[in-house]
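Trainee: Task: produce atomic coordinates for the following.
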Amino acid sequence: MSEEKCKEFLPRYNFFCPNCMYEQSADTSIAMKMGNNNGHGSCMNCGAFLHLEIIPDLSGNKMKAVMWGEHLFNDLVNKSADALNKMFKDVDFSKLTDNEKEEVIEKKLVEYR
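Mentor: Residues are numbered from 1 along each chain as shown. Just a heads-up that it's a prediction; the model follows:
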C-alpha cells in the first residue's frame, strides 16, 4: 500500500506535550473513532500521562494535549458546577439576606444527600 493511502486510512494528529513541549503525533483512539473525543497516552519524551482531544484547525485537525491530572480536575469542576446550577436554578440569591442564603444552601444540601 502506498504511503498516501496509509495516511488516508490512518490519519495522525500532531500535538505538543504540555509538560516538556515535545512535538509528537498520535492516531485516534477507538473511542474517538466511535465519536467520543477522548483519548490518552504518554509523552514519548518525558513520559507524562496526557489526555488527548482532536481540535479542528484551519490547516486540518490537530490534537490538544492536557496533563491527565489537570483534565480530571477540570472535568470534576465542570460536573460540580453543573450540579450546583441544577440544584440552585430556582433560587434568586440577590433578594436574600446572608442568613437566608445560608438557610437555603443548607436546605438544598440536605435535600441533595
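Trainee: how close does A83 get to V77?
Mentor: Using C-beta to C-beta, to the nearest Å, A83 is found at 11 Å from V77. C-beta coordinates here come from the backbone N, C-alpha and C atoms, glycine included.
Trainee: Correction: the previous question concerned N45.
Mentor: 29 Å.
Trainee: can you give me the helices for this protein?
Mentor: 3-9, 30-33, 68-87, 98-112 (DSSP state H).
Trainee: Of all the residues in the shortest one, which ones are buried?
Mentor: By that I understand helix 30-33. M32 (16 or more other C-beta atoms under 10 Å).
Trainee: quick one: that helix to chain centroid distance?
Mentor: Helix 30-33 sits 15 Å away from the centroid of its parent chain (C-alpha atoms, centre = their mean, to the nearest Å).
Trainee: Contacts only, for the spatially closest residue to V91 that is not a sequence neighbour.
Mentor: Once flanking residues are discounted, V91 sits nearest to V104: 5.7 Å by C-beta to C-beta, 6 or more residues apart in numbering. The neighbours of V104, taking C-beta atoms under 8 Å, 6 or more residues apart in numbering as the test, are F88, V91, F93, L96.
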